[in-house]
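J.: sequence and predicted structure are below.
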Amino acid sequence: AQSVTQPDIHITVSEGASLELRCNYSYGATPYLFWYVQSPGQGLQLLLKYFSGDTLVQGIKGFEAEFKRSQSSFNLRKPSVHWSDAAEYFCAVESYGQNFVFGPGTRLSVLP
Amino acid sequence: GAVVSQHPSRVICKSGTSVKIECRSLDFQATTMFWYRQFPKQSLMLMATSNEGSKATYEQGVEKDKFLINHASLTLSTLTVTSAHPEDSSFYICSANAPPTPKSDYGYTFGSGTRLTVV
């Protein structure tokens, strides 16, 4: 069965520091890959997605993610974190014709 | 861009009563909508797929008599939690797949969620 793992439950970084959130998936074929952000009590906002082509994907708010087929990973990165980036981040996958499967989420805290 | 509106954003109800949550696609038609449930500090779990004009498809373990889904039009799906109990307290989120636009080739859009508290 398809699955998505986010090894880090909670990450704390200082404002201005770089960030990398990890995501691994288990799937027979390369699925569509997504990163979403959720602020407390809010819905989901799409940060970026990967379907095919260039494995380095640029998203909104200065985020990027790199798809690595050999590692079944789709890690999210940001070179300089802002306090407003504190939120919950979800990696999600979708295979053609199937529904989304979300990872467990990583909570990001930002220190001033 | 595509917008999915969810209402209410927050509701408190007494145990044993029913609560209806609405999910509307504001500027596109959605033949399919999805309902998710999110417990505190947990991820989103798909509950059911709502199909316009036909019965919803429920995920394993989700009681269809407990969570009634109606998708009577191309812009509205409703989730009714019947005879709600405290264990039904959760965050419910809907989503719909908006058609491609010149600016976006993919449009899974999520509502802002409904916080249900059953007392």
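T.: Ah, there it is. Numbers count the residues shown, from 1 in each chain, chains lettered A, B, ... in the order given.

J.: does chain A sit close to the worst-scoring helix or strand of chain B on mean pLDDT?
T.: Within chain B, no helix or strand scores below strand B:107-110, which has a mean of 79 by mean pLDDT, DSSP states H and E. Yes. Counting by Cβ under 8 Å from any Cβ of the partner chain, chain A is contacted by strand B:107-110 at B:108-110. In short, each C-beta sits where N, CA and C put it, glycine included.

J.: now that strand - C-alpha only, PDB.
T.: Extracted in PDB, the C-alpha atoms of strand B:107-110 (Å, rounded to 0.1, in the frame of the first residue of the first chain):
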ATOM      1  CA  GLY B 107      -6.200  22.300  -8.800                       C
ATOM      2  CA  TYR B 108      -6.800  20.200  -5.700                       C
ATOM      3  CA  THR B 109      -8.100  23.000  -3.500                       C
ATOM      4  CA  PHE B 110      -8.900  22.700   0.100                       C
END
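
J.: list of residues touching it?
T.: A:34, A:36, A:43-46, A:94, A:100, B:1-4, B:25, B:28, B:93-101 (Cβ atoms under 8 Å, 6 or more residues apart in numbering or on different chains).

J.: if you set the cut-off to 6 Å instead, what comes out?
T.: Outside strand B:107-110, the residues that touch it by Cβ atoms under 6 Å, 6 or more residues apart in numbering or on different chains are A:43-44, B:2, B:4, B:93, B:95-98.

J.: including neighbour count, could those residues go into TSV?
T.: Compiled in TSV, the contacts of strand B:107-110 are given as follows (neighbours: other Cβ atoms under 10 Å in any protein chain shown):
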residue	neighbour count
A:43	21
A:44	25
B:2	17
B:4	27
B:93	25
B:95	26
B:96	27
B:97	18
B:98	21
